[in-house]
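> Take this sequence and fold it.
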Amino acid sequence: MLIRANKGAWRPQSTGVSIASRLWLAFALVLLCVVASLRPLAPALAEELPPPALVAHGYKMAGDASRVRLVLQFDGEPAANWFLLRGPHRLVIDLPDTRFSIEPEATEARGLVSDVRYGMISAGKGRLILSTEGPFAVEAFDILRNTSSPGYRLVADLVASTEAAFEAALADQVTTTGSTRSTPKGDRVVRSEGEASQPFTIVIDPGHGGIDSGARGTTGTLEKDITLTFAEELKSRLEEDTRFRVQLTRGEDVFLRLDERVRIARQHGANLFISVHADTIRYRSVRGATVYTVSDQASDAEAAALAARENLSDELAGLSVEDENHEVSDILMDLIRRETHAFSVRFARTLVGSLSDRVELIKNPHRYAGFRVLKAPDVPSVLLELGYLSNSEDEKQLLDAEWREKAIGSVVTAVRSFAGATAATGG
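Residues are numbered from 1 along each chain as shown. Sure thing, here's the model as predicted:
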């Protein structure tokens, strides 16, 4: 029974039972009701949140700075979805109903991929995130049934691409929900719609640099200095033409891996890649400029030897070389490689013709071999050997500003001719 207290308050009338006892009794009754109401829900919650049904395992990643392939094994068929993010550039793969059983060391950064993270983002939902060195394109994303073992595998191919192409893919993602289970064959080479209207882009690659000084001349001239000076002067001349956009792979004395040079060319959307060198040769009497294109079969023994020396650049800098054999995934990519090679040869012949009017060339000046730096699948590429530092006359020329001006003029003429012909044919 409650009675009115002074100042309008209420207080209980004494009945022989303490206030504390009454409160504890009320609390116990409420607690029993709550527990009783929850007990029937426990089995339902267990049914709604079952343990993940699939296990992701056997993570493998291989590649370099221009291309990476990821393979992830599953004990059943995953319903994988992916989407892109920027800042940094990332590929996010969502794996519903999946848990991870991956060796941490297998996910170490490699080539184009700078960081790998994975884990559970909610009950029964796994996520894998790959961050990259700059923009990329998802060339392939497939879920395939294993042929020689139980289960399925996820195969994703990432290739260095342009910022414009990456932005176009992000925009497309908004209208297509940004996720898919596999890529159609026709979408495996990503190009933005406005790419044709972009300036003709030339990436100039000054060979060697940093710890890798390259060849040394008869008076101590270093190849890395010759190539950087020539590349900077060539860039300045080309930029006088407003049709051209020019980028150097390096603008200072730093070391770059061969695959990084290729990645820079692809991520700048290069229409042409020119790698500049000034090597040595065992025959000191041999002199003159040479233009090389890539080929599995070398044109001659000297070309093969030069390619072997240039391909050792990474090892000379203390890096292990993993020359991944990326098989052509489909007929489309094979056709692109062939077309690119045809354009490379076309520019090489144009460049030889232009140089022959103003500088001395070696015998059979267009040669070919397996140069790793020329292996971008979609960028016409040549290696320009300015001369041989093993020859005193060539070394003197390479240090002469007037000679470099003549040689640069010939290269600019060749680039203009090639760019004009490419535009005319829609290449």
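
> who does the residue most central in space within the chain bridge with?
Centroid check for the chain by Cα atoms, centre = their mean gives residue 160 as the closest residue, at 3.3 Å. Note on residue 160: beta-bridge partners by DSSP bridges are residue 136.

> Okay, the closest residue in space to residue 95 that isn't next to it in sequence and residue 90: tell me how far apart.
Closest residue in space to residue 95, ignoring its immediate chain neighbours: residue 126 at 4.2 Å, by Cβ to Cβ, 6 or more residues apart in numbering. All C-beta spots, glycine's among them, are computed from the backbone N, C-alpha and C. Taking Cβ to Cβ, to the nearest Å as the measure, residue 126 falls 16 Å from residue 90.

> Neighbour count for these two, which is higher?
Neighbours were counted for residue 126 and for residue 90 using other Cβ atoms under 10 Å; residue 126 has more, 23 against 17.

> How many residues are close by residue 368?
Neighbour tally, residue 368, other Cβ under 10 Å: 25.

> Please name the bridge partners of it.
Under the criterion used (DSSP bridges), residue 368 bridges to residue 293.

> Please enumerate the strands of the stretch 201-350 of the chain.
With strands called from DSSP state E, counting those that start in this stretch, the stretch 201-350 of the chain shows them at 244-248, 272-277, 289-294.

> outside of the shortest one, which residues touch it?
If you take Cβ atoms under 8 Å, 6 or more residues apart in numbering as the criterion, strand 244-248 is touched by 198-206, 231-232, 235, 238-239, 264, 268, 270, 415, 419.

> Now which of the residues you listed would you call buried?
Neighbour-count burial (16 or more other Cβ atoms under 10 Å) applied to the contacts of strand 244-248 gives 200-206, 231, 235, 238, 264, 268, 270, 415, 419.

> Outline the domain layout of the chain.
Structural domains assigned to the chain are 54-187, 199-425, following automatic domain parsing.

> Quick one: low-confidence residue ranges for the stretch 201-350 of the chain.
By pLDDT under 70, the low-scoring segments of the stretch 201-350 of the chain are 314-335.

> Try it again at 90.
Where the stretch 201-350 of the chain drops to pLDDT under 90, the residues are 259, 281-286, 296, 299-340.

> Return the set of buried residues in the helix or strand residue 353 falls within.
Residue 353 is part of helix 331-355 when elements are defined by DSSP states H and E. Buried positions in helix 331-355, judged by neighbour count with 16+ other Cβ under 10 Å: 333, 340-341, 343-352, 354-355.

> which residues touch that helix?
Counting by Cβ under 8 Å, 6+ apart, residues outside helix 331-355 touching it are 139, 185-186, 188-189, 272, 289, 291-294, 328, 361, 365-366, 374, 376-382, 384, 407, 410-411, 413-414, 417-418, 421-422, 427.

> mind checking pLDDT for the closest residue to residue 365 other than its chain neighbours?
Closest residue in space to residue 365, ignoring its immediate chain neighbours: residue 352 at 5.0 Å, by Cβ to Cβ, 6+ apart. Looking at residue 352, its pLDDT stands at 96.

> Could you report the distance from residue 352 to residue 293?
11 Å.

> Which neighbours do the two have in common?
residue 366.

> that older thread, in helices, which of the buried ones among the contacts of strand 244-248 appear?
231, 235, 238, 264, 415, 419 (DSSP state H).

> And the furthest pair within the residues you listed?
Distance extremes for those: the farthest pair is 264 and 419 at 19.7 Å, using Cβ to Cβ.

> about what we covered before: possible to save the ones in helices among the buried ones among the contacts of strand 244-248 as a markdown table with distance to residue 112?
Formatted as a markdown table, these follow (distance: Cβ to Cβ, whole Å):
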| residue | distance to residue 112 |
| --- | --- |
| 231 | 24 |
| 235 | 26 |
| 238 | 28 |
| 264 | 12 |
| 415 | 28 |
| 419 | 28 |
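
> Quick check: of these, which lies closest to residue 219?
Of those, the one sitting nearest to residue 219 (Cβ to Cβ) turns out to be residue 231, at 21.5 Å.

> Residue 203 is in contact with the closest one, correct?
No: contact status for residue 231 versus residue 203: not in contact, 10.1 Å apart, counting by Cβ atoms under 8 Å.

> related to what we said a few turns ago, please identify the most buried of the domains of the chain.
domain 199-425 (a mean of 19; mean count of other Cβ atoms under 10 Å).

> wait, doesn't residue 92 sit right on residue 83?
Yes: in this structure, residue 92 is within contact of residue 83 by Cβ under 8 Å, at 5.4 Å.

> for stretch 397-406, the distance to its chain's centre please.
Centroid separation for stretch 397-406 versus its chain: 36 Å, with Cα atoms, centre = their mean, to the nearest Å.

> That one spans what distance, first to last residue?
Terminal residues of stretch 397-406 lie 11 Å apart, using Cα to Cα, to the nearest Å.

> Equivalent analysis for stretch 382-390, please.
Termini of stretch 382-390 sit 22 Å apart (Cα to Cα).

> likewise stretch 240-248?
Start-to-end span of stretch 240-248 (Cα to Cα) is 16 Å.

> Kindly report the same for stretch 104-121.
18 Å.

> what do you get for stretch 134-153?
26 Å.

> and if you look at stretch 252-264?
First-to-last residue span, stretch 252-264, Cα to Cα: 15 Å.

> what's next to it, contact-wise?
64-66, 111-112, 133-134, 160, 203, 205, 209-212, 224-225, 228, 247, 249-250, 273, 275, 311, 313-314, 317, 319, 372-373, 375-376, 379.

> and if we set it to 7 Å?
64-66, 111-112, 133, 160, 203, 205, 209-212, 224, 249-250, 313-314, 317, 319, 372-373, 375-376 (Cβ atoms under 7 Å, 6 or more residues apart in numbering).

> Relative to residue 58, how far out is residue 158?
19 Å.

> just residue 160 next, same as before
Residue 160 is 26 Å from residue 58, by Cβ to Cβ.

> What of residue 156?
From residue 156 across to residue 58, the span is 14 Å (Cβ to Cβ).

> Residue 72 now?
Residue 72 is 7 Å from residue 58, by Cβ to Cβ.

> Kindly report the same for residue 370.
Distance from residue 370 to residue 58, counting by Cβ to Cβ: 32 Å.
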